[in-house]
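> Provided below are the primary sequence and the corresponding predicted coordinates.
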Amino acid sequence: MAIAIALIVLALGSVLFHILSPWYFTPIASNWATIDNTISITFWVTGVVFIAVSGFTAWAVIRYRHRHDARAEYEPENKKLEWRLLIITTLGVASMLAPGLVVWAQFVNVPPEADVVEAVAQQWNWSYRLPGKDGKLGTVDARFVDAANPFGMNPNDPNGRDDVLVSSPELHLPLGRPVRVLLRSKDVLHNFAIAEIRVKMDLVPGLITRVWFTPTKAGTYDLLCQELCGIGHYAMRGRMVVEDAATFQAWLDRQPTYAQISARAPADAGAGKGLFAACGACHGQQGEGNVAMNAPKLSGQPAWYLERQLKQFKQGSRGTHEKDTFGKMMVPMAATLPDDAAIANVAAYIASLPDTPAPATIQGNASSGSRRYATCAACHGAQGQGIVATNAPRLKGMSDWYMARQLRNFREGVRGTHAQDPHGAQMALIAAMLADDAAIGDVIAYINKP
């Protein structure tokens, strides 16, 4: 009797939990409501079967419980029962599969008027490519991929000259227009998933997969990789912003094309020397850093990273938090650089300065730090040398006191929380693993280890 009651309570509790639970689908924001309907049908079919099987089992436990004066009857075949089970099972399976096949038929047939976007995945970032005014995407090839051409654009394909390249993990789409998303991976398996859209698809190296949908609700939605793609998988996040056509077009017009990026003049370190004069007052004339001025060492850092930080200070995605005292000091300094060319020139000059390792000022347990640094090494390199492909700057030989401060800032939300700082957001997740200042000291001690 106790087992029968437990089975009934389990079935009733499961149904009530499903009905009353606050955890269910996120609000849908695309045309794929049919996917929700398909899942709901599956819930109904499996729910009815679950209740029926649980009820029958409870009934059988009571009806056929052990009795001293009763004997079991052996019935090896019961054609009537077998036919009933066959028909009921067939109807149940068909009711679950048929709607899915209908949805799949819609899923594989992309509307001819759909816009085209390419989403490119790599450990552990998203980037995007949109066709230019010709409406065609140029060809790409893995052999063209390098630091200057991360998308692998074919320089000999005229259709790619006006392609719009978005290096940010934030993708903007117009409201109410169907879009076909071509999916390409540069390294390992990834997965393109936006919960509110209801469609997801793997990105397979060497193949182009695709999804399509029509955004039906304006807003900002998280884009997640839902395929385990390495140690930094959990930090691989992007955003999809759905907005009206005019706002989308204004955003699109601000993005560079492949032709514009290719035509950019090389940075002029000579011109950057004069602009660096004001920076040298704090950071040192050789970019060696000055702890008394709270100015970290700059020499030795790659130009691409210096450019990114200066742009963030200038654009307001860094140095605006109320607790970022020293970051606020950099904001007016970055504002003295009038445009991207000036920023590139300063960065080029700094990159040309002699690289003298900063003295170690933080003590810690390097052995303990080596275990913690294993996660950091996936992006920053085993020797802390920095890796441009993972957007990770150099750590080895840089100002350790500055690194300690920034790790605390990331951990405490002072840095990495701005919507336009996706790389900072990744670092905030990593820094959260360092529970206290001792853990930070151990990691830095390992980085400084000869």
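Structure's in. What do you need?
> residue boundaries of the helices in this structure?
Secondary structure of the chain (DSSP state H): helices at 2-20, 33-63, 79-107, 245-254, 258-263, 269-283, 303-315, 325-335, 340-352, 366-380, 400-412, 422-431, 437-448.
> how about those helices in CSV, adding mean neighbour count and mean pLDDT?
Just so you know, the C-beta spots here come from the backbone N, C-alpha and C atoms, and that holds for glycine as well. Converted to CSV, those look like this (neighbours: other CB atoms under 10 Å; pLDDT from 0 to 100):
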stretch, mean neighbour count, mean pLDDT
helix 2-20, 13, 84
helix 33-63, 14, 87
helix 79-107, 12, 88
helix 245-254, 12, 93
helix 258-263, 15, 88
helix 269-283, 17, 90
helix 303-315, 20, 92
helix 325-335, 15, 91
helix 340-352, 22, 92
helix 366-380, 18, 90
helix 400-412, 20, 93
helix 422-431, 20, 87
helix 437-448, 22, 92
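> Just put the ones you listed in TSV and tack on distance to Lys136.
Conversion of the helices of the chain to TSV gives the following (distance: least, CB to CB, whole Å):
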stretch	distance to Lys136
helix 2-20	48
helix 33-63	30
helix 79-107	24
helix 245-254	16
helix 258-263	12
helix 269-283	37
helix 303-315	29
helix 325-335	38
helix 340-352	28
helix 366-380	34
helix 400-412	41
helix 422-431	28
helix 437-448	47
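> what are the bridge partners for the residue nearest the centre of the chain, then?
Centroid-nearest residue in the chain, with CA atoms, centre = their mean: Arg237, separated by 1.6 Å. Beta-bridge partners for Arg237, by DSSP bridges, are Leu224.
> For it, give its distance to Gly230.
14 Å (CB to CB, to the nearest Å).
> Kindly report the same for Leu298.
30 Å.
> So for the two, which sits in the more crowded spot?
A count of neighbours by other CB atoms under 10 Å puts Leu298 above the other of Leu298 and Gly230, at 26 against 16.
> How about the contacts made by the more buried one?
279, 283, 287, 289, 306, 350, 353 (CB atoms under 8 Å, 6 or more residues apart in numbering).
> Could you give the number of residues near the closest residue to the last one other than its chain neighbours?
Of all residues not flanking Leu353 in the chain, Ser299 sits nearest, at 4.0 Å (CB to CB, 6 or more residues apart in numbering). As a burial measure, the neighbour count of Ser299 was computed by other CB under 10 Å and equals 21.
> Repeat that for Leu171.
Neighbour number of Leu171 under other CB under 10 Å is 23.
> same question, Ser127
Around Ser127 there are 20 residues (other CB under 10 Å).
> so it touches Pro150, yeah?
Yes. With contact defined as CB atoms under 8 Å, Ser127 and Pro150 form a contacting pair (7.1 Å).
> Show me the strands in the stretch 101-250 of the chain, by range?
Remark: strands assigned in the stretch 101-250 of the chain by DSSP state E, counting those that start in this stretch are 115-122, 125-130, 164-166, 170-174, 179-185, 190-194, 199-203, 209-213, 219-225, 237-243.
> As CSV, the ones you listed with mean pLDDT would be great.
Converted to CSV, these look like this (pLDDT from 0 to 100):
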stretch, mean pLDDT
strand 115-122, 94
strand 125-130, 93
strand 164-166, 93
strand 170-174, 94
strand 179-185, 95
strand 190-194, 95
strand 199-203, 92
strand 209-213, 94
strand 219-225, 93
strand 237-243, 93
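> between the ones you listed, which one is nearest to Ile41?
Ile41 lies closest, by CB to CB, to one member of those: strand 199-203, at 17.9 Å.
> hmm, back to that, so for Thr216, which of the helices of the chain sits nearest?
Nearest to Thr216, of those and by CB to CB, is helix 33-63 at 9.2 Å.
> Packing partners of that closest one?
In this structure, helix 33-63 packs against helix 2-20, helix 79-107, with contacts taken as 3 or more CB pairs under 8 Å, 6 or more residues apart in numbering; DSSP states H and E.
> Could you tell me the angle between that helix and strand 199-203?
100 degrees (axes from the mean of the first three to the mean of the last three CA atoms, to 10 degrees).
> can you give me the offset of helix 33-63 from its chain's centre?
36 Å (CA atoms, centre = their mean, to the nearest Å).
> try stretch 74-89
51 Å.
> ok, Ala271 to Thr90 distance?
Relative to Thr90, and taking CB to CB, Ala271 is found at 77 Å.
> wait, I meant Gly386
60 Å.
> Ok, Arg372 next?
56 Å.
> same question, Asp400
Relative to Thr90, and taking CB to CB, Asp400 is found at 69 Å.
> what's the answer for Asn391, then?
Taken as CB to CB, the span from Asn391 to Thr90 is 53 Å.
> What of Ile343?
Computed as CB to CB, the Ile343 to Thr90 distance reads 67 Å.
> and if you look at Ala292?
With distances taken as CB to CB, Ala292 is found 80 Å from Thr90.
> What of Asn125?
The spacing between Asn125 and Thr90, counted by CB to CB, is 47 Å.
> OK, contacts around the residue nearest to Arg411 when sequence neighbours are not counted?
Using CB to CB, 6+ apart and skipping the chain neighbours, the partner closest in space to Arg411 is Ala431 (4.1 Å). Counting by CB under 8 Å, 6+ apart, Ala431 touches 407-408, 410-411, 416.
> so which of those comes closest to Arg254?
When these are ranked by distance to Arg254 (CB to CB), Gly416 comes first, at 23.7 Å.
> residue contacts, the closest one?
409-410, 424-428, 431.
> coming back round to it: can you add distance to Thr361 and give the strands of the stretch 101-250 of the chain back as a markdown table?
Shown next, in a markdown table, are the strands of the stretch 101-250 of the chain (distance: least, CB to CB, whole Å):
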| stretch | distance to Thr361 |
| --- | --- |
| strand 115-122 | 35 |
| strand 125-130 | 32 |
| strand 164-166 | 40 |
| strand 170-174 | 37 |
| strand 179-185 | 41 |
| strand 190-194 | 40 |
| strand 199-203 | 43 |
| strand 209-213 | 49 |
| strand 219-225 | 38 |
| strand 237-243 | 34 |
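> Could you name the stretch from the helices of the chain that's closest to Ala360?
helix 437-448 (4.5 Å).
> tell me the angle the closest one makes with helix 400-412.
Using the same axes, to 10 degrees: helix 437-448 against helix 400-412 is 130 degrees.
> So which elements touch helix 437-448?
helix 366-380, helix 400-412.
> so it versus helix 366-380, what angle?
Using the same axes, to 10 degrees: helix 437-448 against helix 366-380 is 70 degrees.
> No more questions from me, cheers.
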